[in-house]
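Peer 1: Below are the sequence and a predicted model; questions follow.
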Amino acid sequence: MALVNTRKMFEMAYKNGYAVGAFNVNNMEITQGIIEAVAEEKAPLILQVSRGAREYAKNSYLRAIIDVVVKENPEIPVAINLDHGDTFETCRQFVDDGFTSVMIDASSKPLEENIALTKEVVEYAHARDVVVEAELGQLGGIEEDVVGVSDDDISKHLADPNQVEEFVRKSGVDSLAVAIGTSHGAYKFKKEPKLAFDVLQEIADRLPGFPLVMHGSSSVLKEFVDLINKYGGDMPNAMGVPEDSVAKASKMAICKVNIDTDLRLALTAKIRQVFCEKPGEFDPRKYLGPARAKVKELVRHKVHDVLCCAGHAFD
Ligand code: G3H
Ligand code: 13P
Ligand code: ZN
């Protein structure tokens, strides 16, 4: 199977009550860890590239790595998505570059502007068999290139169920990221982690059969934070979305679950451990290799135990 767009993936995910993992890639080791995991678990896959990733690794390098992934794993359906595209021009460039999915994130703009920009991207993308994801409501947290609302304001910026039908009808978008209390990064909650499942259910009721997307879905696993802190790191109060909440959302209308931070934590934890336990080691293969294996282990766990898309590559 060559590169695919997400239409069939989402149709199957919705019907069968699982979610497809959308993993952010920044380098070769992360990408290899992900594909080795999903190949073994026979899971569908979405690889995505953020602006930060493009600036770090250059899109041409990431594209070349992804092309090898697709070529060497012909049995696995793989979609490639532009994560948080911010302008029509950026989305057009990625459609032209052969991405099978683009996200236009105009969620910080007023509703009418968000609809108009999304529609413009949809018209360009659909003419080339590329699907489009848009966003309603605003996430919290601040990543390098994705600015969210402050933590105290998250509950005031949830997606508004009253807007979703109009948004989807007028824009023609294929999937919708809905803010339900998550945020990007490793510090998602100050107190008890809580998602707005009532909002998610209301949106799902208003859009029967329509695939929804959850950003900021990393769980910031204690195992990795503890390792990082044990081996010289400093990540107090890191907190993610509990995995049972991600699993619950995946069984509802969430068909795509975005994960980046958990990959970074797995990689960093292992590298720190090797550096501390073997201070004389200076061969990058000796720490990037084990770090890649940790990423693989993590992704196997996610697709098998949390998103429950393992075994669904051939749906
Ligand atoms: O959407 C957020 C992703 O985690 C990307 O983050 O811009 O630092 O690559 P980044
Ligand atoms: P995390 O920071 O929770 O991994 O979210 C990633 C994301 O939403 C990418 O778009
Ligand atoms: Zn995101």
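Peer 2: Received, thanks. On a predicted model such as this, the values are computed, not experimentally measured, just so you know. Ligands and ions are numbered 1, 2, ... in the order given.
Peer 1: Whichever residue of the stretch 1-150 of the chain sits closest to ligand 2 and A22: what is the separation?
Peer 2: Closest to ligand 2 within the stretch 1-150 of the chain is D83: 4.6 Å, counting by Cβ to the nearest ligand atom. Every C-beta, even on glycine, is put in place using the N, C-alpha and C of the backbone. From D83 across to A22, the span is 8 Å (Cβ to Cβ, to the nearest Å).
Peer 1: name the helices or strands packed onto the one helix or strand E120 maps to?
Peer 2: Using DSSP states H and E, E120 falls within helix 111-126. Where contact means 3 or more Cβ pairs under 8 Å, 6 or more residues apart in numbering; DSSP states H and E, helix 111-126 is packed against helix 88-96, strand 101-104, strand 131-136, helix 161-171.
Peer 1: What about contact with ligand 2: does the shortest one have any residue there?
Peer 2: If I follow you right, that is strand 101-104. No. Strand 101-104 lies out of reach of ligand 2 by Cβ under 6 Å from any ligand atom, never closer than 7.8 Å.
Peer 1: which SS state does the residue positioned nearest the centre of the chain fall under?
Peer 2: Most central in the chain under Cα atoms, centre = their mean is N258, positioned 1.9 Å from the mean C-alpha point. Three-state call for N258 (DSSP: H, G, I helix; E, B strand; the rest coil): strand.
Peer 1: That one bridge partners, please.
Peer 2: A22 (DSSP bridges).
Peer 1: Spit out the contact partners of it.
Peer 2: Shown in contact with N258 (Cβ atoms under 8 Å, 6 or more residues apart in numbering): A22, N24, Q48, D83, A177, V213, M214, H215, G216, S217.
Peer 1: centre of the chain versus the one helix or strand the fourth one maps to, how much separation?
Peer 2: So that's D83. In the assignment (DSSP H and E), D83 maps to strand 78-85. Per Cα atoms, centre = their mean, to the nearest Å, the displacement of strand 78-85 from the mean C-alpha position of its chain is 9 Å.
Peer 1: quick one: the residue of the chain positioned farthest from its centre and Y287, what's the gap?
Peer 2: Using Cα atoms, centre = their mean, the residue of the chain lying farthest from its centre is G280. It sits 36.0 Å away. According to Cβ to Cβ, G280 and Y287 sit 12 Å apart.
Peer 1: same deal with N237?
Peer 2: Counting by Cβ to Cβ, the separation of N237 from Y287 is 27 Å.
Peer 1: So between these two, which is more surrounded?
Peer 2: Y287 (19 against 9; other Cβ atoms under 10 Å).
Peer 1: What ranges in the protein fall below the confidence cut-off?
Peer 2: 1, 140-154, 156 (pLDDT under 70).
Peer 1: Contact distance from ligand 2 - what residues of it qualify?
Peer 2: Residues of the chain lying near ligand 2 (Cβ under 6 Å from any ligand atom): 24, 83-84, 184-185, 215-218, 258-262.
Peer 1: and the residues you listed near ligand 1, which?
Peer 2: N24, D83, H84, H184, D260.
Peer 1: Hmm, Q48 and the second one touching each other?
Peer 2: Okay, so that is D83. Yes. D83 lies in contact with Q48 (Cβ atoms under 8 Å); the separation is 4.2 Å.
Peer 1: Between the two, which contacts overlap?
Peer 2: Joint contacts of D83 and Q48 (Cβ under 8 Å, 6+ apart) are A22, N24, M103, N258.
Peer 1: List the contacts of the second one.
Peer 2: Which is N24. Per Cβ under 8 Å, 6+ apart, neighbours of N24: I30, Q48, V49, S50, A53, D83, N258, I259, D260, L263.
Peer 1: So for it, what's the nearest residue that isn't a sequence neighbour?
Peer 2: D260 (3.7 Å; Cβ to Cβ, 6 or more residues apart in numbering).
Peer 1: returning to that earlier point: would you check which pair of the residues of the chain next to ligand 2 lies furthest apart?
Peer 2: Pairwise distances across the residues of the chain next to ligand 2 (Cβ to Cβ) peak at 17.7 Å, for the pair H84 and D262.
Peer 1: Assign the residue of the stretch 51-200 of the chain found nearest ligand 1 to helix, strand or coil.
Peer 2: Across the stretch 51-200 of the chain, no residue is closer to ligand 1 than G52, which sits at 2.8 Å (Cβ to the nearest ligand atom). Of the three states, G52 takes helix under three-state DSSP.
Peer 1: Distance of it relative to V69?
Peer 2: Counting by Cβ to Cβ - G52 and V69 are separated by 20 Å.
Peer 1: more crowded one of these two?
Peer 2: Neighbour count, other Cβ under 10 Å: between G52 and V69, V69 has more, with 23 against 17.
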